[in-house]
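Q: Here is my input; please provide its structure:
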Amino acid sequence: MYEVDTIEKTIDGKRLMVHTCEITDYNILQVSAGTTGHREERQDCITRFTIRDLGSTDIQVRPLYPDYGPFKDEAEGVEITLTGDSELDTIIDGLAFILQMLKNGRRRY
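A: Numbering: from 1, shown residues only. Next up is the predicted model:
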């Protein structure tokens, strides 16, 4: 389907394989995903994914902050808005790739 590049990354002392591909239509998205998978009972699994515009993608990213509380200056999420038919198609394909890579990397003990 897409050409996939794989590299090994170390995050917080843990190694994970990160898989990357480009999704091309009238715009170009690069998506990456990797995980250490389940790590027994230690609950120290790391999962990371990225979505990057490589060309002509109408994308807006906005961090979400809580309205109150001690952590009101720390983002609690992210909102992503894409505008355009091509952007709809590439984000669907990109999210499907991310989902598949994370499912492949999830190992249960």
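Q: So which residues of this structure form strands?
A: With strands called from DSSP state E, the chain shows them at 5-11, 14-24, 28-35, 47-55, 59-64, 77-82.
Q: Show me what the last one is packed up against.
A: Applying 3 or more CB pairs under 8 Å, 6 or more residues apart in numbering; DSSP states H and E, one finds that strand 77-82 makes contact with strand 59-64. For the C-beta atoms, the positions are set from N, CA and C on the backbone; glycine is no exception.
Q: Tell me what angle the strand it packs on forms with strand 28-35.
A: 40 degrees (axes from the mean of the first three to the mean of the last three CA atoms, to 10 degrees).
Q: Show me the shaky parts of this structure.
A: 1, 41, 108-109 (pLDDT under 70).
Q: most centrally placed residue in it?
A: F49 (2.3 Å; CA atoms, centre = their mean).
Q: neighbours of R48, just the number please.
A: 14 (other CB atoms under 10 Å).
Q: Is there a neighbour count for the nearest residue to it once chain neighbours are set aside? I'd like the number.
A: Sequence neighbours aside, G34 is the residue nearest to R48 in space, at 5.7 Å (criterion: CB to CB, 6 or more residues apart in numbering). G34 sits with 25 neighbouring residues when counted by other CB under 10 Å.
Q: just to revisit the earlier point, closest to D93 out of the strands of the chain?
A: For these, proximity to D93 was assessed by CB to CB; strand 14-24 is nearest, at 4.7 Å.
Q: I figured the residue nearest to the centre of the chain hits C21, correct?
A: No. F49 is beyond contact range of C21, at 12.0 Å (criterion: CB atoms under 8 Å).
Q: Overlap in contacts, these two.
A: By CB atoms under 8 Å, 6 or more residues apart in numbering, F49 and C21 have these common neighbours: V31.
Q: How many residues are close by the closest residue to D89 other than its chain neighbours?
A: Distance criterion CB to CB, 6+ apart; nearest residue to D89, sequence neighbours excluded, is D25 at 5.4 Å. Around D25 there are 16 other residues, counting by other CB under 10 Å.
Q: so how far is S86 from D25?
A: Using CB to CB, to the nearest Å, we find D25 at a distance of 4 Å from S86.
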